[in-house]
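Novice: starting from these lines, generate the structure:
(one chain, ligands or ions: 1)
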Amino acid sequence: MPKIITGRGFHLISERERWDIRQVLIFFLVSCTMAACGNSLAGDRRTPQEEAAEALQSTAAAARTQGDDPAGDEPGVNQSKAIRVLSMTEENNYPDGLTFKLVAEANKAITKINLYYHDQSSESLTIESVEFIPGTRQAVSYTWDTSRFTVTPSIKLFYHWVIEDDSGQRLTTVEQEVSYDDLRYPWQELADPDLIVRWYEGDQSFGENVFRRARQALDQMKAETGQSLEIPIIVLLYANVADFASWHFFVQDWVGGQAFPSLGITTQIISPRADPSWIADVIPHEIAHIFFFQTISSALSSWPSWLDEGFAQYYEAGGQSAALSRSNSAAREGRLVPLTHLSGGFGRDPEQVGIAYDLSLSAVVFMLETWPEGGLQALIENVRQGKNFNAAMKIALGVSIEEFEAAWRTWLGAPSTPSPSATPRPTFEVILPPARATTASP
Ligand SMILES: [Zn+2]
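Specialist: Presented below is the predicted three-dimensional model:
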């Protein structure tokens, strides 16, 4: 089990080094070629090439500060002796702000100190120039003020300092990783390499129940897709609406939870008094959103909403029969919605939203029953490789999206092509697919 430290101060988490290294490499290879990077670098005279060179210096500096170069006498590393970092710390006042602190000294007067940071959702560095009076010893800080916007709890930040003295020596510190946790609550935690569940109200058995639900759903997803997670999923359980709202700059009072798939984090209002059946539905649902985001994540392709919401519901413990029955009714009554209309948002009308969710689930169940062996895995693999969804479906399932939709409509008991001028009537009795035992109790 990974050692997750949630106290004040931040720590490199060795189990995640592979992810960290990839993040850093991707950042330096990609971000500075992007226009957004140009914006974030406004005011800094260095070119992207110089930034990349600095990244290499950063690596060298890491080796130095970690003691890999005890002699320190090879060319180009003398600056590590000319400028020395005495401490790098952070003060977490979530949700109001995060203060980065640096103490450094140098043989010559330190004249410039910059903080470079970005959060895990962005590849663009923000640069902050710290003001101070030049001198050989400096204790400086910079506060990232988050009091005026919403920052997801436990989001990760990456930062380093660049220190220069008046002789032109420069020291770039090793990249630091920070988890901006909500430390206002006495979190308890259960964790394994895939999953971290944190709660602060309720006993151990409450946390274990949520963890077990999440773990079972995750195991099922991994088995059925052949995929695994790149970063662990964090489930944060807030005990009430007020606590949940307290870290949002604004949130509608009907929101019961959120998933942040790109961060691997879901925040939920779930207390020990919550209905167990709600927990058994909502936890696997949110886990599925994050799991599928990670497994199909591609810069070149996307996953339609009907698949995303369909799979999220598929892993709920409450079963599928009610939603499938409503989908069959919709087919009989000519209320089917084309899948192309379910690729983005589901709208605001409660009735429309309801049928959109039902049909999404039915399309996923249809896919899994029609292509029980390898279809889903092949679909994911092709989307991962960057193929657009229609092309991926053609390769993985052997049908176009139009052919898939026609077969799904027939499976539901509707005419195979939409007929806007006539009320479609089923030509045979609709037979409900049997509920899957695995989805009734994931
Ligand atoms: Zn959902």
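Novice: quick one: which helix or strand includes residue 198?
Specialist: Using DSSP states H and E, residue 198 maps to strand 195-199.
Novice: starting at the chain centroid, how far to that strand?
Specialist: In this view, strand 195-199 has its centroid 15 Å away from the chain centroid, taken as CA atoms, centre = their mean, to the nearest Å.
Novice: do the same with stretch 243-253
Specialist: Averaged over its C-alpha atoms, stretch 243-253 has a centre that lies 19 Å from its chain's centre (CA atoms, centre = their mean).
Novice: using PDB, write out every CA atom in that stretch.
Specialist: Output in PDB follows, covering the C-alpha atoms of stretch 243-253 (Å, rounded to 0.1, in the frame of the first residue of the first chain):
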ATOM      1  CA  ASP A 243     -18.700  21.300   4.100                       C
ATOM      2  CA  PHE A 244     -18.900  20.400   0.400                       C
ATOM      3  CA  ALA A 245     -19.900  24.000  -0.500                       C
ATOM      4  CA  SER A 246     -17.200  25.500   1.700                       C
ATOM      5  CA  TRP A 247     -14.400  24.900  -0.800                       C
ATOM      6  CA  HIS A 248     -16.400  25.900  -3.900                       C
ATOM      7  CA  PHE A 249     -16.400  29.500  -4.900                       C
ATOM      8  CA  PHE A 250     -20.000  28.700  -6.100                       C
ATOM      9  CA  VAL A 251     -21.900  25.500  -6.400                       C
ATOM     10  CA  GLN A 252     -25.600  24.800  -6.900                       C
ATOM     11  CA  ASP A 253     -27.200  23.400  -3.800                       C
END
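Novice: which other residues reach it?
Specialist: 94-95, 148-151, 153, 182, 184-185, 238, 241, 255, 267, 269 (CB atoms under 8 Å, 6 or more residues apart in numbering). All C-beta atoms are positioned from the backbone trio N, CA, C, and that covers glycine.
Novice: same check, this time on stretch 338-351
Specialist: Under the criterion CB under 8 Å, 6+ apart, external residues in contact with stretch 338-351 comprise 304-306, 309, 352-353, 356-357, 359-360, 363, 401, 404-405, 408, 418.
Novice: and of these, the nearest to the ion?
Specialist: Nearest to the ion among these, counting by CB to the ion, is residue 309 at 4.9 Å.
Novice: ok, the closest one touching residue 360?
Specialist: Yes. Taking CB atoms under 8 Å as the contact criterion, residue 309 and residue 360 are neighbours in contact, 4.4 Å apart.
Novice: of those two, who's got more company?
Specialist: residue 360 (27 against 24; other CB atoms under 10 Å).
Novice: how much space between residue 343 and the ion?
Specialist: From residue 343 over to the ion the distance is 15 Å, taken as CB to the ion, to the nearest Å.
Novice: and that residue, how far from residue 308?
Specialist: 10 Å (CB to CB, to the nearest Å).
Novice: kindly report the same for residue 154.
Specialist: Looking at residue 154 against residue 308, where the rule is CB to CB, the gap reads 23 Å.
Novice: please apply the same query to residue 354.
Specialist: Using CB to CB, one gets 17 Å for the distance from residue 354 to residue 308.
Novice: higher neighbour count, the two?
Specialist: residue 308 (21 against 13).
Novice: list the contacts for the more buried one?
Specialist: Contacts for residue 308 (CB under 8 Å, 6+ apart) come out as 289, 292, 360.
Novice: mind doing that once more with 10 Å?
Specialist: Residues in contact with residue 308, defined by CB atoms under 10 Å, 6 or more residues apart in numbering, are 261, 288, 289, 292, 293, 296, 302, 342, 343, 360, 364.
Novice: list the buried residues of the helix or strand the second one falls within.
Specialist: Put plainly, it is residue 288. Secondary-structure element containing residue 288, defined by DSSP H and E: helix 276-296. Of the residues in helix 276-296, those buried under the neighbour-count criterion (16 or more other CB atoms under 10 Å) are 279-296.
Novice: kindly report the same for stretch 310-320.
Specialist: By 16+ other CB under 10 Å, the buried positions in stretch 310-320 come out as 310, 311, 312, 313, 314, 315, 316, 317, 318, 320.
Novice: do stretch 345-356 as well
Specialist: Buried positions in stretch 345-356, judged by neighbour count with 16+ other CB under 10 Å: 346, 355, 356.
Novice: check contacts around the residue in the chain that the ion sits nearest to.
Specialist: Of the residues in the chain, the one nearest the ion is residue 312, at a distance of 4.2 Å by CB to the ion. Contact criterion CB under 10 Å, 6+ apart gives 217, 259, 281-282, 284-292, 357, 360-361, 364 as the residues in contact with residue 312.
Novice: repeat that with 7 Å
Specialist: Residues in contact with residue 312, defined by CB atoms under 7 Å, 6 or more residues apart in numbering, are 285, 288, 289.
Novice: need those residues in JSON lines with distance to residue 137, can you?
Specialist: Shown next, in JSON lines, are the contacts of residue 312 (distance: CB to CB, whole Å):
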{"residue": "285", "distance to residue 137": "54"}
{"residue": "288", "distance to residue 137": "53"}
{"residue": "289", "distance to residue 137": "49"}
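Novice: mind putting these into TSV with pLDDT?
Specialist: Formatted as TSV, the entries for the contacts of residue 312 read as follows, by pLDDT from 0 to 100:
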residue	pLDDT
285	95
288	95
289	93
